[in-house]
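Q: Could you look at this predicted model? Sequence included:
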Amino acid sequence: MNVVNHKRQLQILTGSQHSALAHAVAERMGAEINPTQLTRFANGEVKCQIKESVRGKDLFVFQTHDKPVNDAILEQAIIIDAAKRASARHITAVCPFFGYARQDRKSLGREPITAKLIVDILAVAGAKRLVSVDLHSGQIQGYFNGPFDHLVSLPVLAEYLKKTFGNDFVIVSPDAGRVKLAERYSSRLGTELAIVHKRRTSTNKSEALDVIGDVKGKHCVLVDDMVDTAGTLCAAAEQLIGHGATKVSAIATHGIFSDPAEQRLRESVIDSIAVTDTLPLPEGFALDKVKVVSIVDLLADAIMAIFAEGSVSALFDGQNHM
């Protein structure tokens, strides 16, 4: 059935990447997914047809930018373009994990600002609003000339920590860039805070140097927005154990888990790591210490607030800005 608000109708569409999340959100809302047929020509070009009318409807087009990231982004843009040309009233691009978010500025000469390019692609395709969860850099919201709803997983992951560990642990930022995030967790949970000082030596390599704060004899919980190759977390965990921590756990919103993340985590001193379901676990990924925490309710509540023209920030007590 469609969720109806007076004469307006809400529909959810989804690309092929992690469509299970979109279906779970739709089920939570009592809505249905508008079927979209995605096929490919022999040379790999994507062909899209939305199977039911979207004329005059408010659409939420789901696509998490999972591997292969470029295909995921283009597929979402193609669906949005199809919906625009089919006379949809309003289109919101829902990107639980936003691709290229780490390329949000020029750090060296002759580099692109790719995060801005991705926003432009979705906007030109026809998106009038963007939704994402825990952007790597909050400034990406400013790249879009329209509403950009930034959701945060902090309430969900903080509740997981509270239920799993109580409050007998120290929140630790794995590097200087995540200090503000770690402070929010520490403040919400009423725990102490520590920081691992890190130096990045290349694109996917980092070196943990020292620990700021008292971690001796304590359980430490590392907090990050994403885990890609897991180098940062594993190096930070080694430093914490070296400074006397008795146990190290970790939480992160986006579990990318690119090679060699699985091997690194298996061999690391990290006892457990919790991630949300913004991304699916990679095919064949099998690691008992990885726990998946659902953000379906968070996404469903945010979409209903947007559709009802209510406040999204109110869902997070105004704490969804970076």
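A: Sure, I can see it.

Q: alpha carbons only for contacts and neighbour counts from here, please
A: Noted.

Q: residue contacts, the residue most central in space within the chain?
A: Central residue of the chain (Cα atoms, centre = their mean): Phe97, 3.7 Å from the mean position. Taking Cα atoms under 8 Å, 6 or more residues apart in numbering as the contact definition, Phe97 lies against Thr64, His65, Asp66, Ser132, Val133, Asp134, Leu135, His254, Thr278, Leu279.

Q: Quick check on it: phi, psi?
A: Main-chain torsions, Phe97, degrees, to the nearest 10: phi -120, psi 120.

Q: got the contact list for Val133?
A: Cys95, Pro96, Phe97, Phe98, His150, Leu151, Val152, Ser153, Thr278.

Q: quick one: which of the residues you listed has the most company?
A: Ranked by neighbour count under the definition other Cα atoms under 10 Å, the contacts of Val133 are headed by Thr278 with 30 neighbours.

Q: for the stretch 51-200 of the chain, which spans come out with low pLDDT?
A: Within the stretch 51-200 of the chain, the ranges that satisfy pLDDT under 70 run 198-200.

Q: How far off centre is the host helix or strand of Val61?
A: Under DSSP states H and E, the secondary-structure element containing Val61 is strand 58-62. When distances are taken as Cα atoms, centre = their mean, to the nearest Å, strand 58-62 is centred 17 Å away from the chain's centroid.

Q: hmm, back to that, got a ChimeraX select line for the buried ones in the contacts of Phe97?
A: Selecting in ChimeraX just the buried members of these, where the criterion is 16 or more other Cα atoms under 10 Å, is done with this command:
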select :64,65,66,132,133,134,135,254,278,279
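
Q: Is the nearest residue to His243 once chain neighbours are set aside part of a helix or strand, or is it coil?
A: Leaving out its chain neighbours, the residue that sits closest to His243 by Cα to Cα, 6 or more residues apart in numbering is Lys216, at 6.1 Å. Lys216 carries the three-state label coil when classified by DSSP: H, G, I helix; E, B strand; the rest coil.

Q: burial count for the residue lying closest to Gly255 once chain neighbours are set aside?
A: In space, Gly255 comes closest to Val227 once its chain neighbours are excluded; the distance is 5.2 Å by Cα to Cα, 6+ apart. By the criterion of other Cα under 10 Å, Val227 has 21 neighbours.
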